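> Just need the structure, nothing else, for what follows:
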Amino acid sequence: MLIIKNKGLRKALKILIPFVFIPLTAIGGSVIFGGKKHIYVSLTAAVLSLLLFMTGFEKKQTGTRRQVIVAIMIALSVAGRFIPFFKPVTAITVITAIYLGSEAGFLVGAFSALISDFYFGQGPWTAYQMLAWGLIGLFAGFLAKPLEKSRTALLIYGIVSGIIFSLVMDVWSVLWYSGGFDIKLYTAAAVTAIPHTVLYAVSNFIFLFFLSRPFGEKLSRIKIKYGI
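Residues are numbered from 1 along each chain as shown. Got it, this is the predicted structure:
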């Protein structure tokens, strides 16, 4: 397991990977390749997501334990995507980020999209799904303390996350349709997607309402028991 010991490098990668490298990978891949080599774009985003996760490893033992728990959360999230209409992916991603850190949240979100799309269909949209769910997890980790303390704040974050996911995916829709970004097309896509956006927001609210406490209690006990 790779341990990045240089703190300066870790801090730089924590900013560059989610906000520069992966967005450029997703956008550049769809613009340059036109969706033809999407699997390489998705795999590049996956490698970068793993590298981001590794920046959170302070100790080898702790990192390994954290890795196992995150793998379980990814498996639960992928399985949950098979639920019709309402998907718990965002809820599980957010809960993971709150209790296991922003890097873990990003990895769960990104890999939930990557792995489940092997069944639902891989495409140039996969990298955007990875980015959208990854960023939702990342920011949930940044806001871990207020989200853990206030259930109202957590539910509001779930609603906002549904909107963010839809808006990120609308970027892909515009690039796919026009080959470049057009603000008018983007606005039209966002308006057209309102029913889906509402569905995302409502499902996030419901799953966070029912899952946040039981999952949070279990993850809290695991953190104490295994010193994560």
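> From here on, just use CA atoms for contacts and neighbour counts.
Fine.
> does residue 38 really touch residue 114, like I thought?
No - using C-alpha atoms under 8 Å, residue 38 is not in contact with residue 114; the gap is 11.5 Å.
> where's the helix or strand harbouring residue 195 relative to the chain centroid, distance-wise?
Taking DSSP states H and E as the definition, residue 195 sits inside helix 194-226. For helix 194-226, the distance from its own C-alpha centre to the chain's C-alpha centre is 14 Å (C-alpha atoms, centre = their mean, to the nearest Å).
> and it, what other elements does it pack with?
Here helix 194-226 touches helix 89-100, helix 151-178, going by 3 or more C-alpha pairs under 8 Å, 6 or more residues apart in numbering; DSSP states H and E.
> I'd like the ones you listed laid out as JSON lines, including mean pLDDT, mean neighbour count and distance to residue 128.
Shown next, in JSON lines, are these (pLDDT from 0 to 100; neighbours: other C-alpha atoms under 10 Å; distance: least, C-alpha to C-alpha, whole Å):
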{"stretch": "helix 89-100", "mean pLDDT": "97", "mean neighbour count": "28", "distance to residue 128": "14"}
{"stretch": "helix 151-178", "mean pLDDT": "94", "mean neighbour count": "20", "distance to residue 128": "6"}
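> any chance of the ones you listed in a markdown table, with distance to residue 198 too?
Below are these laid out as a markdown table (distance: least, C-alpha to C-alpha, whole Å):
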| stretch | distance to residue 198 |
| --- | --- |
| helix 89-100 | 14 |
| helix 151-178 | 7 |
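> Of those helices, which is nearest residue 197?
helix 151-178 (5.7 Å; C-alpha to C-alpha).
> for residue 56, phi and psi?
Dihedral pair for residue 56: phi -90, psi 0, per degrees, to the nearest 10.
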